[in-house]
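Sequence and computational prediction follow.
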Amino acid sequence: MKNILIINDFVSLGKIAGKMMETVLSYKGHNTFFLPTALIANNFSYGKNAILDTTEYLKDTLRNWDEIGFKFDLISIGYIHNTEQRDIIYDYVKNLDYKATVLFDPIMGDEGKLYPTLDETMLENYKSLLDISDIISPNATEAKFLDIDYEDFVSKGKKYLITSIEEDGKYFVKGYDEGEFKIPFDKLPKRLTGTGDLFDGLFIAYFLDEYSIEKSCQKTVDIISKIYSDVIKYSTNENINIERYLDLID
């Protein structure tokens, strides 16, 4: 059992964001600490929303856990709500007196566009978190806007996974472990919410089982493909009822 800190948003509707990751990782027997950066009523595709900023709670909780002496094997960073949160998280990771793997999945955009709420300041905040990350897992849109020098990135011992890449009508995840690799997948006709969060949760689970980054990614893609195929066949909405599929996770 590992201690995993999930820093991400809490979305009340459906199993997405930190709720999705926590469900998968708890099922795998890990001790999960879910620290929300914001409480959000629903995903932004509905056009209207309600959001509670949890910056003070974030700051107080990290200080509290530090005083108690909690240590984390892996820290997963997702949605950041403002610059103050960026500073809190950056300083917390930089000042750890032990080694924790940091996985960073910037929540910035999709399908070639940044989310409407993401301005230039927040884009720079996300870019700055690359410095404290060991592994990043942006989608193709986010990777483009992060404008990463990958040669320099991997020269520092960092790894990456870029999801949802399309080339010549084919889709794949591209990553770097000991070398670059590509894992193909079939794009299915329905869009579902929480697939990126499911990817992160599964990848972390397999990575902590001591599979290589490439093997962890392959197992993750295989399971998501099975889940996705079933959901679009039997579900009438865009949410993934992940509890239905937990027994697929070996």
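Yep, that arrived.

quick one: average pLDDT of stretch 238-250?
In this model, stretch 238-250 has an average pLDDT of 91.

got the buried residues for that stretch?
Glu238, Asn239, Ile240, Ile242, Tyr245, Ile249 (16 or more other C-beta atoms under 10 Å). Backbone N, C-alpha and C define where each C-beta goes, glycine included.

export those to a markdown table and tack on secondary structure and distance to Phe153?
Shown next, in a markdown table, are those (DSSP: H, G, I helix; E, B strand; the rest coil; distance: C-beta to C-beta, whole Å):
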| residue | secondary structure | distance to Phe153 |
| --- | --- | --- |
| Glu238 | coil | 33 |
| Asn239 | coil | 34 |
| Ile240 | coil | 31 |
| Ile242 | helix | 31 |
| Tyr245 | helix | 33 |
| Ile249 | coil | 30 |
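
Output those in JSON lines, with distance to Phe70 appended to each entry.
Listed next are the buried residues of stretch 238-250 as JSON lines, based on distance: C-beta to C-beta, whole Å:
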{"residue": "Glu238", "distance to Phe70": "35"}
{"residue": "Asn239", "distance to Phe70": "32"}
{"residue": "Ile240", "distance to Phe70": "30"}
{"residue": "Ile242", "distance to Phe70": "26"}
{"residue": "Tyr245", "distance to Phe70": "30"}
{"residue": "Ile249", "distance to Phe70": "25"}
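
Can you tell me which of those is closest to Tyr176?
Nearest to Tyr176 out of the buried residues of stretch 238-250 is Ile249 (C-beta to C-beta; 24.7 Å).

List the residues that contact the closest one.
Contact analysis of Ile249 by C-beta atoms under 8 Å, 6 or more residues apart in numbering lists Val24, Tyr27, Lys28, Leu202, Ala205, Ile223.

Just give me the closest of the buried residues of stretch 238-250 to Phe172.
Distances from Phe172 to the buried residues of stretch 238-250, taken by C-beta to C-beta, are shortest for Ile240, at 21.3 Å.

biggest helix in the protein, by residue count?
helix 213-234 (DSSP state H).

Remind me what that one packs against, helices and strands.
strand 159-167, strand 170-176, strand 180-185, helix 195-208 (3 or more C-beta pairs under 8 Å, 6 or more residues apart in numbering; DSSP states H and E).

Next, the buried residues of that helix.
Neighbour counts over helix 213-234 (16+ other C-beta under 10 Å) mark 213-214, 216-221, 223-224, 227-228, 231 as buried.
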